[in-house]
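Student: Predicted structure and sequence below. I'll ask about it afterward.
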Amino acid sequence: MSIEAQEKRQGVALVTPALLWTLVFFAVPFGAMALMSLAHLEGREIVQGHDLGNYLRIFTDPSLRRGIFVSLEITATVTVISVLLAWPLAWIIATRVPQRWRRMVLLLAVLPFWTSYVVRSYSWALVLGEKGVVMNALVGLGLLAEPVQIMATRAATVTGFVHFFVMLLTLTIYSNLIQLSPNYARAAQDLGASQWQVIRLVILPLTLPGVMTGAFLTFVLCIGDYITPQILGGNNELTLPQLIMLQLGRRGDYPMASALSIVLMAIVTLAYAASARWLKMERV
Amino acid sequence: MRYLSWVYLLALFTFILLPVVTLVVFSFQDGRLPVPPFKGVTFEWYAKVLSDRAMMEALFNSLIVALLSSLCALTLGFLAASGLARVILPGSALMRGALIAPMTVSYLIIALGLLQMFNQIGLRPSLLATGIGHVVINLPLCFAIIYAAIGEHQKSALKAARDLGAREWQVLWLVAAPMLMPSLAAAFFLAFTFSWDEFIIAFLLTRFDVTLPVEIWSMLRSGLSPETNAVGSLVFLVSIAIVVVLELTLFRKGSK
Amino acid sequence: MTADVHINAVEHRFNSFTALHRVDLEIAAGEFIVLLGPSGCGKTTLLSIIGGFYTPSEGQVLIGGKDMTHVGPKDRPTTTMFQDYALFPHMTLCDNVAFGLRMRGMSKVARSEKAMEMLDMVGLADKAGRKPHELSGGQRQRVALARALAVEPDVLLLDEPLGALDLKLRRQMQDELKAIQRRVGTTFVHVTHDQEEAMAIADRIVVMNHGRIEHCGTPEEVYLTPKTLFSANFMGEMNRIPVSAAGASPLGQLDVPAGEGLLCLRPENIGLEGQFSLGPARLTEASFFGAHHRCHFTPVNAPDLTLVAHLPQGAYPQVGAEVELFGRDPVILPPAMTEAA
């Protein structure tokens, strides 16, 4: 056997355990789920089938179809707001905060990362509730006559999400910004650009690929999350993950839950296909 | 502009820190509801949490699951990364893609798929099932981090080790692992954190023995309570303590 | 401790690209061989085949008379010194050098002793406890050499080991390499693209191009009597003048040995006196290089040609002056040898 063949055999031997694991515990379950999405429920029995009935229902049943739009609307809102809030914050930390405070300030900016995810949503419920800190302050200051309901609305879900993703995006954009050579800004200023022009024409475009990556990550994590909408948004309008959990919990409708999951995945894949092309072009 | 910057910074920091500060402050609430007005300081809720058997068990379960699943993901990822970095195999790109793929899929979908498969083969929801799920989500992460750390320099050091007569396990154990230690540590630390904090997989794949996030979740059902605040604050403080310790030992040493 | 190497009709292909075309090479035990050529000429591929990192697509590799064609690097009596040194960053110098001995099952005491001996040879015994990142480039290079030699290989393979060093250090390391090779007696096969380095250290130079051996000989042979235009050019600057079988050239009738082809003259072999006349020429440009003046001449008979000559420090005509040029030690390459370049 040639030396290359021996090398290859050893290489394959090293990769095989991980590949097997991924095959058995990721690919196979996924395939089983795809198959399950073609079945349907009769009473409490799952009947194997090969029709697209579940998918048809998702796009015709108003309550299910609505879930797709609710998820997309919330995710889009969250992604846009988070990017708009995080960019200036990252820029201020990277350029305005004195060097020796920077690390400290950055750590503080992502401090809530260290609470557990469930607790983070819970603490927003605490803050936004009718008797919570925010309403207390607003009524106390005379800005509101009486408390406004925020909890169990989309506003609460969006707030909880934005809180998390502002931290995430601040981190990614900040690391992007400090990698830029300060000479870009100097060169632009030297050529007569105002500070605003430097940001708009030089710094912002240079960070765009990083921002896009962060935005995509936000999109993926946000649209697949169950906890935040469940704790903060309540049951008035349901997102896709909430609908999936509902199918499981209430009726044990695995076929419908599987079909909804496939739809969720398709959305993420489409988003990836759309942004990947765009990202590549930006990187050239 | 300068003035505006500081106002913005202050506003955003208020937004970011408000829930955490509220959480911690009202964990000391001497009353039944963790909302204003603040009625005075008590440690009653902490005492309650620490004597809550189910909570302590969940905490222990979480530690075990996080530790074992990250070790497993780390080992598999390390082996796969060394294998793929070692030779260009036909289909190398495909294998890399396959190993990374779970990273792009929502945890909920992974959990649902595993739940159905485990139902089929008769594996009951358990910590083992949860651990398997956590390896699935952390393997791509570990693989990607370690694979990225093996550059031309590392490859040629591994080649040199073989040239000097090392067997494959010696190459991995004596050269690759110690050489890649910083990224192995980073991968382990991240995987541990993700597993420790993961909710949806654990929620669907456990039943009687649960992990901490699931236990906290079931506490939420009974509404707002300073006890939940206390649990959250404890997790928060422990995490920060761990980060500080790591920062002072591991990473300081690494950066030297 | 030392062995000869036979490369028999070795051909190597990467997919559709042929990196080596039926290469034959005999290396004697204890010889210092340099594989010289531009990047992509196949020299590193040949070294990897000797080291056991590739199996050749065809042909045979014998080391010390044994067929090693299908034996992996681990089991060959060769060690390689890598271009980037490939030192283990987490080990001390002593552990680095002792690594190969450890793999051979040598006891800790014995291998430390041997490692110290090797470090002493390269002048780094006082730094045995340091880690590679605390060393300079030249020191790392020495550690890599000590590590590769510690296992007492029959053949040491060096893959552009001096490439990362600055010029001055490089010249110094060449001398050290040569001295160490003389001392240990191991066969050295050294790859480089620097012809000065090759001439400084080689017993024999193997000039390679496009996967073929162009010329194989001592530095003098390769430099003074190149067999092909490629190796003539690669070894240094060369003036080329087409001549007919009867000695006719654009410069006029030349008094050179008979033969049609290209007359090749090194710049130092053109001067104001010599074995045969090159006719009158005008000096168009001159610059001082310390040891010589580098001069551009335009022959009066062939204004399209430029001849480059190195004139001695003292003899330096004025730019624009017309002089008669002479040549020495002519090499005439027949047309068949001038195609590949």
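Tutor: That came in fine, so what should we check first?
Student: so where is the stretch 51-200 of chain C shaky, pLDDT-wise?
Tutor: Along the stretch 51-200 of chain C, no part satisfies pLDDT under 70.
Student: quick one: pLDDT of residue 168?
Tutor: Assuming you mean chain A. What the model reports as pLDDT for residue A:168 is 93.
Student: try again with chain B
Tutor: Looking at residue B:168, its pLDDT stands at 91.
Student: show me what contacts it?
Tutor: When contacts are counted by Cβ atoms under 8 Å, 6 or more residues apart in numbering or on different chains, residue B:168 touches residue A:10. Where you see a C-beta, it was placed from the backbone N, CA and C, and this is true even at glycine.
Student: Next, give phi and psi for it.
Tutor: Backbone torsions for residue B:168, taken as degrees, to the nearest 10, come to phi -60, psi -40.
Student: Against residue C:31, how distant is it?
Tutor: According to Cβ to Cβ, to the nearest Å, residue B:168 stands 34 Å off from residue C:31.
Student: wait, what's in contact with the closest residue to residue B:19 other than its chain neighbours?
Tutor: In space, and not counting its chain neighbours, residue B:19 is closest to residue A:123: 3.8 Å by Cβ to Cβ, 6 or more residues apart in numbering or on different chains. By Cβ under 8 Å, 6+ apart, the residues touching residue A:123 are A:115, B:19, B:20, B:22, B:23, B:229, B:232.
Student: Can you mark which positions in whichever helix or strand residue B:134 is part of are buried?
Tutor: Per DSSP states H and E, residue B:134 falls inside helix B:127-149. The neighbour-count check on helix B:127-149 (16 or more other Cβ atoms under 10 Å in any protein chain shown) flags B:127-147, B:149 as buried.
Student: ok, and of these, which contact chain A?
Tutor: Residues of the buried residues of helix B:127-149 in contact with chain A (Cβ under 8 Å from any Cβ of the partner chain): B:132, B:133, B:135, B:136, B:139, B:143.
Student: Just want the phi and psi numbers for residue 105.
Tutor: Using chain A here. Note on residue A:105: backbone dihedrals following degrees, to the nearest 10 are phi -60, psi -40.
Student: my question was about chain B
Tutor: Phi and psi for residue B:105, reported as degrees, to the nearest 10, are phi -110, psi 140.
Student: List the residues that contact the closest residue to it other than its chain neighbours.
Tutor: Counting by Cβ to Cβ, 6+ apart, the nearest residue to residue B:105 once its immediate chain neighbours are dropped is residue A:265, at 6.3 Å. The contact partners of residue A:265, by Cβ under 8 Å, 6+ apart, come to B:105, B:106, B:109.
Student: The first one: how many residues sit nearby?
Tutor: Here the number of neighbours of residue B:105 (other Cβ atoms under 10 Å in any protein chain shown) works out to 22.
Student: What's the separation between it and chain C?
Tutor: 35 Å (Cβ to the nearest Cβ, to the nearest Å).
Student: Distance of that residue relative to residue B:200?
Tutor: Distance, residue B:105 to residue B:200, by Cβ to Cβ: 12 Å.
Student: What helix or strand is the closest residue to residue C:36 other than its chain neighbours located in?
Tutor: Spatial nearest neighbour of residue C:36, excluding adjacent residues (Cβ to Cβ, 6+ apart): residue C:198 at 4.5 Å. Per DSSP H and E, residue C:198 falls inside helix C:195-201.
Student: And residue C:191, by the same measure?
Tutor: Counting by DSSP H and E, the element that carries residue C:191 is strand C:187-192.
Student: Who does that strand pair with, and is each partner parallel or antiparallel?
Tutor: Take DSSP bridges as the rule and strand C:187-192 pairs in its sheet with strand C:32-36 (parallel), strand C:155-159 (parallel).
Student: by contact count, what packs against the next helix or strand after the last one?
Tutor: The C-terminal neighbour of strand C:155-159 among helices and strands, as given by DSSP H and E, is helix C:167-184. Using 3 or more Cβ pairs under 8 Å, 6 or more residues apart in numbering or on different chains; DSSP states H and E as the contact criterion, the elements in contact with helix C:167-184 are helix C:137-150, strand C:187-192, helix C:195-201.
Student: Adding mean neighbour count, write these out as JSON lines.
Tutor: Output for those, formatted as JSON lines (neighbours: other Cβ atoms under 10 Å in any protein chain shown):
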{"stretch": "helix C:137-150", "mean neighbour count": "23"}
{"stretch": "strand C:187-192", "mean neighbour count": "26"}
{"stretch": "helix C:195-201", "mean neighbour count": "20"}
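Student: got CSV for the ones you listed, with distance to residue B:207 too?
Tutor: Shown next, in CSV, are the helices and strands packed on helix C:167-184 (distance: least, Cβ to Cβ, whole Å):
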stretch, distance to residue B:207
helix C:137-150, 57
strand C:187-192, 64
helix C:195-201, 72
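Student: Would you mind listing the residues in contact with residue 33?
Tutor: Unless you meant another one, I'm taking chain A. Per Cβ under 8 Å, 6+ apart, neighbours of residue A:33: A:258, A:261, A:262, B:109, B:112, B:113, B:116.
Student: my question was about chain C
Tutor: Residue C:33 touches C:27, C:187, C:188, C:189, C:190, C:202, C:203, C:204, C:205, C:206, counting by Cβ under 8 Å, 6+ apart.
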